[in-house]
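Engineer: no letters, just coordinates:
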C-alpha cells in the first residue's frame with residue numbers, strides 16, 4: 001500500500017491527475033458563549049444542518065451538557081436550540097444520517113476515569129452510559145432509548161465511542177471507538193445490527209504498540225479514530241497519536257470490510273480528532289486541526305485515499321476538535337472552535353477556474369485591523385491570504401496554501417482566522433458571471449496584529 005503523504009512537493013507529480021480547487025464562503029459565526037471546548041459535530045438532514053457541541057469543561061467525563069444550533073439556509077445563518085437537546089447531560093453527542101433519511105444520534109453519558117486506566121472492567125460501566133435517539137423528521141423530534149456496547153475483556157473497556165456512524169447496504173451500522181486495557185490501548189471498529197441499540201466489537205483497527213512500531217510515537221491515550229468507506233471499496237481509518245503540533249496521524253486500511261487491517265503507516269500530517277468524509281461526487285475529504293498548526297482540509301479526488309492534495313488552510317485560529325459534513329454533491333460545511341466560539345465554513349470543490357485577460361484585476365488593496373478592502377466592479381472576487389512567515393513564537397506552525405475565499409463584496413473581515421503576528425500578502429482576483437477569473441492583484445506584505 002502506498003503511504004499517504006501530505007508534503008506538497010512529494011505529491012506534485014500526482015496532483016495534476018486528481019486536481020480540485022477549494023473555495024470557501026466568508027466565515028460565519030455559529031455561536032459565541034463561555035464553556036465551549038470544541039466545535040462538536042455537524043450533520044446534514046435534508047434542508048437543515050444540525051450542530052451539537054460540548055458546553056462544559058474539557059475534563060473527560062467530569063462534567064456534561066450539550067449545546068446545539070440549526071441552520072436552514074445551508075450554513076449561512078444559525079439559530080440556537082435548547083441546551084441538553086435531544087438528550088440531557090451528555091459528555092458528548094453527535095448525529096448521522098441513515099440511508100433511509102432518519103437521523104441517529106449517539107450520546108455518551110459516562111467515560112472511564114483516566115486515572116484508573118487499565119483497572120476498570122465491564123462491570124464498572126453503568127447501565128445508562130450510552131444512549132441513542134432517532135429522528136424521522138430532520139431532527140425536529142426525537143425518540144431516545146438506552147444503548148449498550150459489549151467490549152471483550154481482551155480490550156479492557158471502551159474509553160470513548162467516536163464520530164461518525166455509517167451504514168452499509170444491509171442496514172448494518174459501524175462506529176469507531178478506542179479502548180483502554182491492561183494489555184494496551186486499541187483503536188476499534190464497533191458494529192450494530194439493530195439500528196444502534198446494541199454494539200459489539202467488529203475488529204481492532206490498530207494498537208498503540210503497532211503505531212509505535214510503525215515509527216509514530218504515541219504520546220496520548222486518546223486514540224481518536226475516523227473511519228470511512230472509500231470509492232475504491234476499501235475502508236480507511238486515520239488515527240491520532242498525540243497532542244502536540246508535531247504528533248503524526250496514522251493511516252490503516254481494510255480490504256475485507258474491516259475483518260482485518262493493514263499495518264499502520266505514519267503520515268506526514270499531524271492533528272487532533274481527524275475526520276474523513278466521502279462526498280456524494282466520490283471525492284474523499286480529510287479534516288484535521290491543531291491550535292498551533294491551522295485547521296487543514298486535504299482531498300483525495302479519486303476517492304481512494306491513496307493520493308492526496310496539499311493541505312488547504314481554512315483558518316489558523318482554531319482548536320483541535322473540528323467537524324464537517326457533506327451538504328451537496330461537491331460541498332461541505334466545516335465547523336471550527338476558537339476562543340469560546342464556533343465558526344462555520346461553507347466549502348465548495350470544483351475544477352480550477354479559467355483565466356481571462358478581458359477582466360480587470362482589483363485595485364486599491366488595503367488591510368487595517370483585520371479588514372481587507374479593495375476596489376472593483378466584478379460579479380465576485382477570489383481572495384487568497386498567503387502566509388509568508390509565522391510569528392516567532394509559533395515555532396510548530398507550518399506554511400500551507402490557504403483555501404481561496406469567494407465573496408461578492410469588496411471587503412472581507414479576516415480578523416478571526418489569520419495567524420496573529422504572522423506576515424501575510426493578499427492576492428485578489430476578479431470573477432465574472434461566467435466564472436472566469438482575472439489575473440490576481442497582490443497587496444503589500446503586512447503583519448497581522450491582535
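Structural biologist: Received it, and whenever you're ready, just let me know what you need. If you're wondering where the values come from, they're calculated on a predicted model, not measured in any experiment.
Engineer: who's in contact with the closest residue to residue 47 other than its chain neighbours?
Structural biologist: In space, and not counting its chain neighbours, residue 47 is closest to residue 72: 6.3 Å by CB to CB, 6 or more residues apart in numbering. Every residue, glycine included, has its C-beta placed from N, CA and C. Residues near residue 72 by CB atoms under 8 Å, 6 or more residues apart in numbering: 47-49, 79.
Engineer: out of these, the closest to residue 278 would be?
Structural biologist: residue 49 (18.2 Å; CB to CB).
Engineer: number of nearby residues for the closest one?
Structural biologist: For residue 49, the count of nearby residues is 26 (other CB atoms under 10 Å).
Engineer: okay, and the beta partners of it?
Structural biologist: Counting by DSSP bridges, residue 49 forms beta bridges with residue 44, residue 71.
Engineer: got a winner among the contacts of residue 72 for most neighbours?
Structural biologist: The most neighbours of any of the contacts of residue 72, using other CB under 10 Å, belong to residue 49, which has 26 neighbours.
Engineer: find me the pLDDT at residue 389, would you?
Structural biologist: For residue 389, the model assigns a pLDDT of 97.
Engineer: try residue 9
Structural biologist: You'll see residue 9 listed with a pLDDT of 32.
Engineer: repeat that for the one 10 residues further on.
Structural biologist: Listed pLDDT for residue 19 reads 71.
Engineer: which residue of this structure sits farthest from its center?
Structural biologist: Of all residues in the chain, residue 358 has its C-alpha farthest from the mean position, at 38.7 Å, by CA atoms, centre = their mean.
Engineer: just say helix, strand or coil for that one.
Structural biologist: Three-state call for residue 358 (DSSP: H, G, I helix; E, B strand; the rest coil): coil.
Engineer: roughly how far does it sit from residue 439?
Structural biologist: Plainly put, residue 358 is 11 Å away from residue 439 if you go by CB to CB, to the nearest Å.
Engineer: so who does the residue farthest from the centre of the chain touch?
Structural biologist: Each residue near residue 358 by CB under 8 Å, 6+ apart is listed here: residue 436.
Engineer: go on, residue 129?
Structural biologist: Residues in contact with residue 129, defined by CB under 8 Å, 6+ apart, are 108-110, 149.
Engineer: isn't residue 101 up against residue 46?
Structural biologist: Yes. Between residue 101 and residue 46 there is a contact under CB atoms under 8 Å: 7.3 Å.
Engineer: one step back: and the contacts of residue 129, which is closest to residue 290?
Structural biologist: Residue 290 has its nearest neighbour among those in residue 108, at 23.4 Å by CB to CB.
Engineer: ok, that closest one touching residue 87?
Structural biologist: No. Between residue 108 and residue 87 there is no contact under CB under 8 Å: 9.7 Å.
Engineer: shared neighbours, the two?
Structural biologist: Taking CB under 8 Å, 6+ apart as the contact criterion, the common neighbours of residue 108 and residue 87 are residue 93.
Engineer: excluding chain neighbours, what is closest to residue 94?
Structural biologist: That would be residue 41: by CB to CB, 6+ apart, it lies 3.6 Å from residue 94.
Engineer: and whichever strand or helix holds residue 176, what does it pack against?
Structural biologist: Using DSSP states H and E, residue 176 sits within strand 173-181. Judged by 3 or more CB pairs under 8 Å, 6 or more residues apart in numbering; DSSP states H and E, strand 173-181 is in contact with strand 157-161, strand 166-167, strand 184-192, strand 198-207, strand 225-229.
Engineer: out of those, nearest to residue 371?
Structural biologist: Residue 371 lies closest to strand 225-229 among those, at 36.0 Å (CB to CB).
Engineer: ok, the following helix or strand past that closest one: who's next to it in the sheet?
Structural biologist: Once the chain leaves strand 225-229, the next helix or strand it forms, by DSSP H and E, is strand 235-240. If you go by DSSP bridges, strand 235-240 pairs up with strand 225-229 (antiparallel), strand 248-254 (antiparallel).
Engineer: about what we covered before: in strands, which of the contacts of residue 129 fall?
Structural biologist: Applying DSSP state E to these, the entries found in strands are 108, 149.
Engineer: between the contacts of residue 129, which is nearest residue 367?
Structural biologist: Nearest member of the contacts of residue 129 to residue 367, counting by CB to CB, is residue 108, at 43.5 Å.
Engineer: so what's the closest one bridging to?
Structural biologist: When bridges are called by DSSP bridges, residue 108 pairs up with residue 92, residue 130.
Engineer: residues contacting it?
Structural biologist: 90-93, 129-130, 160-161.
Engineer: could I get those residues as TSV with pLDDT and distance to residue 116?
Structural biologist: Formatted as TSV, the contacts of residue 108 follow (pLDDT from 0 to 100; distance: CB to CB, whole Å):
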residue	pLDDT	distance to residue 116
90	96	21
91	96	16
92	96	20
93	97	24
129	97	15
130	98	19
160	97	15
161	98	19
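Engineer: who wins on neighbours among these?
Structural biologist: residue 93 (26 neighbours).
Engineer: surely that residue and residue 106 touch.
Structural biologist: Yes. Using CB under 8 Å, residue 93 is in contact with residue 106, at 7.0 Å.
Engineer: so which of the strands paired with strand 235-240 comes closest to residue 206?
Structural biologist: Proximity to residue 206, assessed across the strands paired with strand 235-240 by CB to CB, is greatest for strand 248-254 (5.0 Å).
Engineer: measure the residue nearest to residue 47 to residue 51 for me?
Structural biologist: As for residue 72, its distance to residue 51 is 12 Å (criterion: CB to CB).
Engineer: same question for residue 427.
Structural biologist: Counting by CB to CB, the gap from residue 427 to residue 51 is 32 Å.
Engineer: which one of the two is surrounded by more residues?
Structural biologist: Shown here are residue 427 and residue 51; by other CB under 10 Å, residue 51 has more neighbours (27 against 19).
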